[in-house]
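Asks: For reference, the sequence and a predicted model appear below.
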Amino acid sequence: MKPKKVALSLFWRTFFLIALLLVGGVFAWTQTFRALEIEPRATQQGQQIAGLVKLARAALQSSDGINRVALIKGISNQESLRLAPREPGDKWEPYETDRVTRAIGQELRRELGPDTVVASSVNGSPGLWVGFSIEKDPFWLQADPSRAGPILWNTLTLWVSMALLATVLGSAAIARLINQPLKELSFAASRIREGEFDSRLDENTLTSEIRQVNMGFNRMARELAKVEQDRAVMLAGISHDLRTPLARLRLEAEMSVHDEEAKQNMALDIDQLDAIIDKFMDYARPGDSVMMPVHLSSVVDREMAAFRDPAQIRISSRVAIDTKVMADDIELGRVLQNLFENARRYGRSTDTGIARVQVSYARTGPWVILTVRDFGQGADPKKLAQLTTPFFRGDAARTAATGAGLGLAIVDKAVQRMGGTFELANAPDGGLMAHIRLKKAP
């Protein structure tokens, strides 16, 4: 079993790619700054501290023993500087522990001599301690530790955090600007798919590529609207023009044909042609639906009453009387009428020759699923998805059946106009199930 791929919208994909690029840039800049800052900063700090040691050494060398003690006390009174004799029993910790401190230590030895000692604490007193000698007398000079060392981590963390926050916000803004035209195009395309051809995109946008795409889309929408309008006018015109000669044929058959069997057969053929014309008219009907709360059980009972012949079809309903959906009452009735007619023609049981139909429902969150099921032979699973295609017939046996092949196509189109979905499936124990998903009325 293949693992499922994570599906990301174009916005999030663009956002993550831009954010990854900018975050990488921030960290690369940070590392470059640290690398370029270590050598010159360490050299400068080492030279400053070495200068203090040289001043202290010169002052001590130019004073006699009595004045040297007073000088040591005077220097030690400074807040950021301390001078003390170095005793053989002093315990000290090495200062050079990382790249910056090692660079400072090397600079101090280069300036003061190879025997210079650099410590981070002496006898438990922390600081930057530099050990040097004057005429074989060893001394310690404690400098302010803030004079040496890299940029504090809290300062660096603060600036990096601010840069990352600006990166995330900037990535979101850039991704939104990039994907906004595509989002509008996707929304307009979905409206076209639902039969709303009045969608228009901005043709004055500054981006030339987006402007060309929007102009092409608007042109396509206008052409589709014209094709749809011409198709509806053509079907309505053909259907209207056919009814007049059919009416004349019916009248002539009644008046001129004396054979009752032939007259009856001609009447059946004319009724069949009339029914086919009705299907064309239904399929070409405009897509405007008046949505309102509809009692589902009332519509089912009303359409069940139209199929009264128990020798051909028997319908039972299990829809609760308080079930309400958002739908067009006329459209929903036409949907059920086509489903019952489809079951009457193709869903008959092989043993009795009667189409047994069961209507049930289920509530799932904000939806109501109405199921119309027959107990016939069902349909070929490979052809289920094609049964809602106009003029498609499920198998060779149905090809000989009467009808225009538009019944399920009309159902699918009408359900979509009401904001629902229509699905077909074979029942596990035989028969075809039609599932109509509609929004539950408040």
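Replies: Happy to help now that I have it. Numbering: from 1, shown residues only.

Asks: how about stretch 248-256 as CSV, C-alpha atoms only?
Replies: C-alpha atoms of stretch 248-256 as CSV (Å, rounded to 0.1, in the frame of the first residue of the first chain):
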residue,chain,number,x,y,z
ARG,A,248,-51.1,16.4,-36.4
LEU,A,249,-49.9,12.7,-36.5
ARG,A,250,-51.9,11.9,-33.4
LEU,A,251,-55.1,13.5,-35.0
GLU,A,252,-54.5,11.8,-38.3
ALA,A,253,-54.0,8.4,-36.6
GLU,A,254,-57.3,8.9,-34.7
MET,A,255,-59.2,9.8,-37.8
SER,A,256,-57.6,7.9,-40.6
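
Asks: buried ones in that stretch?
Replies: Counting neighbours by 16 or more other C-beta atoms under 10 Å, one finds that the buried residues in stretch 248-256 are Ala253. Just so you know, the C-beta spots here come from the backbone N, C-alpha and C atoms, and that holds for glycine as well.

Asks: How about stretch 93-113?
Replies: Applying a neighbour-count criterion of 16+ other C-beta under 10 Å, the buried positions in stretch 93-113 are Tyr95, Glu96, Val100, Thr101, Ala103, Ile104, Gly105, Glu107, Leu108, Arg109, Leu112.

Asks: average pLDDT for that stretch?
Replies: Stretch 93-113 shows a mean pLDDT of 81 in the predicted model.

Asks: How about stretch 322-329?
Replies: 90.

Asks: Contacts made by that stretch with the rest, please.
Replies: Here stretch 322-329 makes contact (C-beta atoms under 8 Å, 6 or more residues apart in numbering) with 289-297, 299, 332, 361, 363, 368, 370, 417-420, 438-441.

Asks: Now do it: distance to the chain's middle.
Replies: 31 Å (C-alpha atoms, centre = their mean, to the nearest Å).

Asks: what number of residues lie near Val357?
Replies: Here the count is done by other C-beta atoms under 10 Å, and Val357 has 24 residues near it.

Asks: still on that earlier bit, among the contacts of stretch 322-329, which ones are buried?
Replies: The neighbour-count criterion (16+ other C-beta under 10 Å) marks 289, 291, 294-297, 299, 332, 361, 368, 370, 417-418, 420, 438, 440-441 among the contacts of stretch 322-329 as buried.

Asks: and the residues you listed, which of them are in strands?
Replies: Where these overlap with strands, as defined by DSSP state E, the overlap consists of Val294, His295, Tyr361, Val368, Leu370, Leu438.

Asks: just checking, the third one touches Ile369?
Replies: Which is Tyr361. Yes: taking contact to mean C-beta atoms under 8 Å, the distance of 6.5 Å between Tyr361 and Ile369 places them in contact.

Asks: What helices and strands are in contact with the helix or strand where Arg176 lies?
Replies: Remark: Arg176 resides in helix 153-193, with elements defined by DSSP states H and E. If contacts are counted by 3 or more C-beta pairs under 8 Å, 6 or more residues apart in numbering; DSSP states H and E, helix 153-193 sits against helix 10-61, helix 208-256.

Asks: where do the helices sit along the stretch 251-400 of the chain?
Replies: If DSSP state H, counting those that start in this stretch is used as the criterion, the helices of the stretch 251-400 of the chain fall at 260-283, 296-304, 329-346, 396-399.

Asks: circling back to that earlier point, quick one: mean pLDDT over the helix holding Arg176.
Replies: Per-residue confidence for helix 153-193 averages out to 76 on the pLDDT scale.

Asks: Check whether Asn426 really touches Lys382, as I assumed.
Replies: No: contact between Asn426 and Lys382 fails when scored by C-beta under 8 Å: they sit 11.1 Å apart.
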